[in-house]
Every structure is written in C-alpha cells, then in structure tokens.
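*Asks:* Following is a predicted model, sequence given first.
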Amino acid sequence: MSHYAWIITKDYMPDTKYPEGSNMNAKGVAGPHDASEEQIDWASRHGFDFRLLDDDGEVMYKGRLFVETEFLDGVMSAVQYPEYRGPVCSWAVDEEAGFGPLNDFGTPNAGATEIQYRCSLPDGTRVWATL
C-alpha cells in the first residue's frame, strides 16, 4: 500500500465527451494505483492543495494530496528566491509523495512539468509555491 494518495479536483481543460474520472476529463482521477480508498477519501477531504502546470506555466489540474503522518516532518512553507519566477515550497516530505501527483498522473497524462502547493510565506500570506 502507498504512503500517500492524491485526487484531481479540477481539470482546467476537460474533454466533456468523456466521463469525469477518465484521463480526458480528469476530475475524480485518484492515485497512485496502490492507494487505498480510505487514503483517497482523506486526500479529498483533508489533503494539501496542489496544482499541476505545463511548461508555459498554465494550470492544467488542481487536486489534493494526503501523506501518512510518519512521512511528514515539519510544516509546509514557502520561500521567495529572486532567481525563481515565484515562491518555492519548502516542505520536509519525501520526494515520492511530494512529486507523486506530477509523476503518477500529470506528466504521463498531459505533459505537466511543475507541481505547486498552497503554502504560507513567513508573514502568513498564502501563495502557490513550486516544490
């Protein structure tokens, strides 16, 4: 069983000829393949907000990620570095879970190249930050 689960909550470019929960109309698609129904349910209700972007910076999908607590080490925060186009997410979670939605679904399904999480800057401002 996986130690994380994710679910797509919004597809910004759905092909409505296909049913929701399919690769072409991804709202409701969840993973990875070995995630339990309970983990997916937790992701949908309590998960960390993420979004997947293409190489032009266009948002393709939005979703939520659940990670088993023993794999979390600290809080999610954002840091602004001048050399990046936006805030960078500083999050002490293993790469497999953090990049899971991108690697499991976003890249193979639609060529997504970036994952961002909703994080807080040191002043408490909530921003989308690249992991």
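*Replies:* Nice, thanks for sending it over.
*Asks:* Spatially nearest residue to the residue positioned nearest the centre of the chain, not counting backbone neighbours?
*Replies:* For the chain, Phe50 is the residue whose C-alpha lies nearest the centre (C-alpha atoms, centre = their mean; 3.5 Å). Leaving aside its sequence neighbours, Phe50 sits nearest to Tyr117 (C-beta to C-beta, 6 or more residues apart in numbering; 5.1 Å). Bear in mind the C-beta positions are built from the backbone N, C-alpha and C, glycine included.
*Asks:* In three-state terms, label that neighbour for me.
*Replies:* Per DSSP: H, G, I helix; E, B strand; the rest coil, the local secondary structure of Tyr117 is strand.
*Asks:* Can you tell me the number of residues neighbouring it?
*Replies:* Tyr117 has 22 neighbours, counted by other C-beta atoms under 10 Å.
*Asks:* tell me the pLDDT at it?
*Replies:* If you check Tyr117, the pLDDT there is 88.
*Asks:* In its sheet, which strands sit next to the helix or strand hosting the residue nearest to the centre of the chain, and in what direction?
*Replies:* Secondary structure assigned from DSSP states H and E places Phe50 in strand 48-53. Partners of strand 48-53 in the sheet, by DSSP bridges, are strand 59-67 (antiparallel), strand 114-120 (antiparallel).
*Asks:* among the ones you listed, which is nearest His46?
*Replies:* His46 lies closest to strand 59-67 among the strands paired with strand 48-53, at 6.8 Å (C-beta to C-beta).
*Asks:* Please spell out which residues along the closest one are buried.
*Replies:* Within strand 59-67, the residues scored as buried using 16 or more other C-beta atoms under 10 Å are 59-67.
*Asks:* cool, stretch 20-34 as well?
*Replies:* Under 16+ other C-beta under 10 Å, the buried positions of stretch 20-34 are 25-32.
*Asks:* quick one, strands of this structure?
*Replies:* In the chain, the strands defined using DSSP state E lie at 4-11, 30-31, 48-53, 59-67, 77-79, 88-90, 114-120, 126-130.
*Asks:* For Thr9, see how far away Phe48 is.
*Replies:* Distance, Phe48 to Thr9, by C-beta to C-beta, to the nearest Å: 12 Å.
*Asks:* what sits in contact with each of those two?
*Replies:* Arg64 (C-beta atoms under 8 Å, 6 or more residues apart in numbering).
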